[in-house]
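>>> Attaching a predicted model along with its sequence, questions to come.
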Amino acid sequence: MQITDPVTMLTDYALGLENLFFAISIYLGIHSANRVTGLLLLLGFLAEALSGFAGGTFHGFAAVLQATPQSLWNLTLLCIGATIAFLASAIHAADVHRANGQWIVAGIVIGVVGLGVQVTGFRAHQMWNHNDIFHIIQIVAMFLFFRGARALKDRAHSPR
């Protein structure tokens, strides 16, 4: 069995594993003060993990999967959109303080830099293309985001 794009597959799987770890960590830390924020973060990190695993499978085995690569790519894109929606919703539902917010903003900024690399089509080496570099940058960005988001609590509801 030939692997179509091994480095991209491995960096995608690394991104998936990282976010699966973050999802488990968030799940284990859910309590009464962060029920909403924790659930949204959990869903966001799970969606990012699934996008990494689906994207890795797409990049690694597209030639072998003949009938389903487009479905895998669609799943990857759907999960990326879900990640953004869930993580943005979590931030909206949370009481974000300066210390947490700085980590979250750093993660977002680094993620946007990664997107810039992604759209350029930059190739550092025959085996390292724009996808691989983006995945490495995204791994760092997601760590920074997680670092800030892991201690978030739900925003207090105002009485009406």
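Received it, and whenever you're ready, just let me know what you need.
>>> From the chain's centroid, how far away is the longest helix along the chain?
Among the segments of the chain that qualify as a helix by DSSP state H, the longest is helix 35-61. Put simply, helix 35-61 sits 6 Å off its chain's centre (Cα atoms, centre = their mean, to the nearest Å).
>>> For it, the averaged confidence score.
Averaged across helix 35-61, the pLDDT comes to 96.
>>> Strands of the protein, start to end?
With DSSP state E as the criterion, the chain has strands at 94-95, 153-154.
>>> Make TSV out of those strands and add distance to T76, mean neighbour count and mean pLDDT.
Glycine gets a C-beta too; all of them are placed from N, C-alpha and C. Listed next are the strands of the chain as TSV, based on distance: least, Cβ to Cβ, whole Å; neighbours: other Cβ atoms under 10 Å; pLDDT from 0 to 100:
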stretch	distance to T76	mean neighbour count	mean pLDDT
strand 94-95	27	18	94
strand 153-154	30	18	96
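>>> Tell me which of these sits nearest to V140.
Judged by Cβ to Cβ, the one of these that comes nearest to V140 is strand 94-95, at 21.9 Å.
>>> Which elements pack onto that closest one?
strand 153-154 (3 or more Cβ pairs under 8 Å, 6 or more residues apart in numbering; DSSP states H and E).
>>> helices or strands up against the strand it packs on?
helix 35-61, strand 94-95.
>>> List the neighbours of that strand that are in contact with it.
Outside strand 153-154, the residues that touch it by Cβ atoms under 8 Å, 6 or more residues apart in numbering are 33-37, 93-95.
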